[in-house]
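# got a structure for you, letters missing:
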């Protein structure tokens, strides 16, 4: 088994209570009440579940040495005891995005959209783990699953972060996005 | 199913006859007589088979717009009738490689090792399809599987291409490599 795989199972059971679920772009997902985050691969759904999304953490594709050093110095790991709020934001990018060469994707991602720079402003308060879905065995409905967690006091900072990213040029290439907010 | 998945099954049956099999770095693979290339996922081995390697084609990670345009203009697709010779070259890169940020990996790949530039010299004679293994569901023994095919008359050109790449700085990060040559 790929040791970097995670499954996010939505249904009637799980550690996290779903506070809100909104389609930010494209087709909505089926509403669920609770969510479980499982390290590993969930292939067959438990009886209570409506869906599972799967992704693998991997090497960063757009991060320079300078940015990586700054991120590593500031970022916090997922799972701090005080992080009682979380968000799961699955996104799919358009064919136009995937057809772009590496240098043009990088330019849109950082030079025009300041993706790393924006994320960095909210470190270490907002922790983040990115999962890639495109190169798994099965076709997945999204390309990326980002999992964030934070203390309740940083809920407004998280809104600001998400708002900034959604207004960026990079987000013109996002053709499906669901925003799931959670509490435990 | 991920529509970009391929499985390479080595054993006693298959379209391709194995002419030679050599470990270029690291642990050798079990010797086989024939190889089958299957679009899709082979999970359980057929009785005749000794191993299967799996990978998915994906977006290029180090190719600029200029390089992409040149590659697209010159390259041939896998499977030309005259391409009666092929090579499967699975490689694994070291943890040191995967820990490098994107800009440093790109510098080693192209500015120092001329990976795209070298490949381009041998287009369209040598066709190539790259498969990524790191983000599949299961842990795979290699990170990349490259499949090449060419007419028998271009066998020496293929030796030259492989030789040039193996002498590059990028190859210092290759810690396991097997070179499988095939004919049909």
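The structure has been received and is ready for your questions. Owing to the predicted nature of the structure, the values given are computational and were not obtained by experimental measurement.
# Next one: the closest residue in space to residue A:76 that isn't next to it in sequence relative to chain B, how far apart?
Spatial nearest neighbour of residue A:76, chain neighbours left out: residue A:124 (3.9 Å); criterion: CB to CB, 6 or more residues apart in numbering or on different chains. Bear in mind the C-beta positions are built from the backbone N, C-alpha and C, glycine included. Using CB to the nearest CB, to the nearest Å, one obtains 20 Å as the distance from residue A:124 to chain B.
# residues near residue A:124, how many?
12 (other CB atoms under 10 Å in any protein chain shown).
# Ok, the one 5 residues further on next?
Burial of residue A:129 is recorded as 17 neighbouring residues (other CB under 10 Å).
# tell me the contacts of it?
A:6, A:57, A:78, A:146-147 (CB atoms under 8 Å, 6 or more residues apart in numbering or on different chains).
# again, 6 Å this time
A:78, A:147 (CB atoms under 6 Å, 6 or more residues apart in numbering or on different chains).
# Name the helix or strand for it, please.
Taking DSSP states H and E as the criterion, residue A:129 maps to strand A:127-132.
# and the very next helix or strand once past that strand, does that touch chain B?
Next helix or strand after strand A:127-132 toward the C-terminus (DSSP H and E): strand A:144-150. No: taking CB under 6 Å from any CB of the partner chain as the criterion, strand A:144-150 and chain B are apart, separated by no less than 11.6 Å.
# Strand A:144-150 vs strand A:127-132, what angle?
170 degrees (axes from the mean of the first three to the mean of the last three CA atoms, to 10 degrees).
# Would you tell me what the next helix or strand after strand A:144-150 is?
Following strand A:144-150 toward the C-terminus (DSSP H and E): helix A:155-166.
# picking up where we left off before, separation between the residue nearest to residue A:76 and residue A:149?
To residue A:149, residue A:124 is 11 Å away according to CB to CB, to the nearest Å.
# Report back the residue of chain A that's furthest from centre.
Computed with CA atoms, centre = their mean, the residue of chain A farthest from its C-alpha average is residue A:47, at 25.3 Å.
# Could you pull out the buried residues of stretch A:49-65?
Going by neighbour count (16 or more other CB atoms under 10 Å in any protein chain shown), the buried part of stretch A:49-65 is A:49, A:52-59, A:62-64.
# first to last residue in that stretch, what's the distance?
Length of stretch A:49-65, first residue to last, CA to CA, to the nearest Å: 41 Å.
# got a list of contacts for that stretch?
Residues outside stretch A:49-65 that contact it (CB under 6 Å, 6+ apart): A:2, A:4-5, A:7-11, A:30, A:32, A:42, A:45, A:90, A:106, A:109, A:131-133, A:145, B:98, B:101-104, B:135.
# So which of the residues you listed belong to strands?
A:5, A:7-11, A:90, A:131-132, A:145 (DSSP state E).
# Just grab the bridge partners of the residue sitting nearest the centre point of chain A for me.
Compute the mean C-alpha point of chain A, and by CA atoms, centre = their mean the closest residue is residue A:146, 1.0 Å away. Per DSSP bridges, the residues bridged to residue A:146 are residue A:89, residue A:130.
# Next: residue A:5.
residue A:56.
# residues contacting it?
A:40-41, A:56.
# Make TSV from these and add pLDDT to it.
Shown next, in TSV, are the contacts of residue A:5 (pLDDT from 0 to 100):
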residue	pLDDT
A:40	97
A:41	96
A:56	98
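# I appreciate the help and will end here.
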